[in-house]
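Undergrad: Return a 3D structure for these sequence lines:
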Amino acid sequence: MVPPGITRHRRPFLAPLWVTLVALLVGAAAAYTAYRGATTTLVVLASAGGKEPGTIEDPPISAEGEHRAQRLAQLFAPGGAPGRLEALYVSGERRAQQTAAPLAELLHLVPATYDATQGAAAAAGLLRSHEGHTILVIGGPAALQQMLQQLAGRTYSPEATADPDLLYIVSVPTLGRSGVLRLKY
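TA: Numbers count the residues shown, from 1 in each chain. The predicted structure is shown next:
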């Protein structure tokens, strides 16, 4: 009898282990890439200053509202690169534009105007265009309520956004749920 030659036998029972290991490595690499690419967008919502009593449709800001606008400008004054505002959005109302004017001048930013009746659409648009940045939005109570509802995913009462001394800081992560912090300034 002739001795058998050297033969190589494949071990098919190890193939599922190798395929599983490769699939786990690819899945871990994909999860790590998604985690590293995740960002959080901070949207600060501020109410427009109080209105001057009068009979006109779009009244100017009151003296107390001007004082609040100066406080808002001091609050977001440039103090360094971290936490700097990347964009400033203002509704088309005169009071909102007058509230944003001292801050825009201080930061050398041109405020982008959005339609106050389309607050939800404006919120989605600013999240797309400023992902991972810090944005300040100034508007009337109705526009802020729509934005807050769109960004946070919860319904808030109209009284919650009517106080001109309140700031809402909404953190919108790319992965996970958004959070809302309410501050009085």
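
Undergrad: residue ranges of the strands in the chain, please?
TA: Along the chain, the segments classed as strands by DSSP state E run 40-47, 87-91, 112-114, 134-139, 166-173, 179-184.

Undergrad: between these, which gets nearest to Gly65?
TA: strand 40-47 (9.7 Å; C-beta to C-beta). Yep, even glycine has a C-beta here, placed from its N, CA and C like the rest.

Undergrad: Against Gly50, how distant is the spatially closest residue to Asp165 that is not a sequence neighbour?
TA: Once flanking residues are discounted, Asp165 sits nearest to Lys184: 5.1 Å by C-beta to C-beta, 6 or more residues apart in numbering. Distance of Lys184 to Gly50, computed by C-beta to C-beta, to the nearest Å: 15 Å.

Undergrad: Please apply the same query to Trp18.
TA: For Trp18, the distance to Gly50 - C-beta to C-beta - is 70 Å.

Undergrad: hey, which of the strands of the chain is tucked in deepest?
TA: Highest mean neighbour count of the strands of the chain: strand 134-139, a mean of 25 (counted as mean count of other C-beta atoms under 10 Å).

Undergrad: what is the orientation angle of it with strand 87-91?
TA: Here the directions of strand 134-139 and strand 87-91 differ by 10 degrees (axes from the mean of the first three to the mean of the last three C-alpha atoms, to 10 degrees).

Undergrad: tell me the helices in this structure, going along the chain?
TA: 15-37, 63-75, 94-107, 119-129, 141-152, 158-162 (DSSP state H).

Undergrad: Of all these, which one is nearest Val180?
TA: helix 141-152 (4.9 Å).

Undergrad: and the closest one, what does it pack onto?
TA: Here helix 141-152 touches strand 40-47, helix 119-129, strand 134-139, helix 158-162, strand 166-173, strand 179-184, going by 3 or more C-beta pairs under 8 Å, 6 or more residues apart in numbering; DSSP states H and E.

Undergrad: at 10 Å instead, please
TA: strand 40-47, strand 87-91, helix 119-129, strand 134-139, helix 158-162, strand 166-173, strand 179-184 (3 or more C-beta pairs under 10 Å, 6 or more residues apart in numbering; DSSP states H and E).

Undergrad: got those as JSON lines, with mean pLDDT columns?
TA: Listed next are those as JSON lines, based on pLDDT from 0 to 100:
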{"stretch": "strand 40-47", "mean pLDDT": "90"}
{"stretch": "strand 87-91", "mean pLDDT": "91"}
{"stretch": "helix 119-129", "mean pLDDT": "84"}
{"stretch": "strand 134-139", "mean pLDDT": "91"}
{"stretch": "helix 158-162", "mean pLDDT": "65"}
{"stretch": "strand 166-173", "mean pLDDT": "89"}
{"stretch": "strand 179-184", "mean pLDDT": "88"}
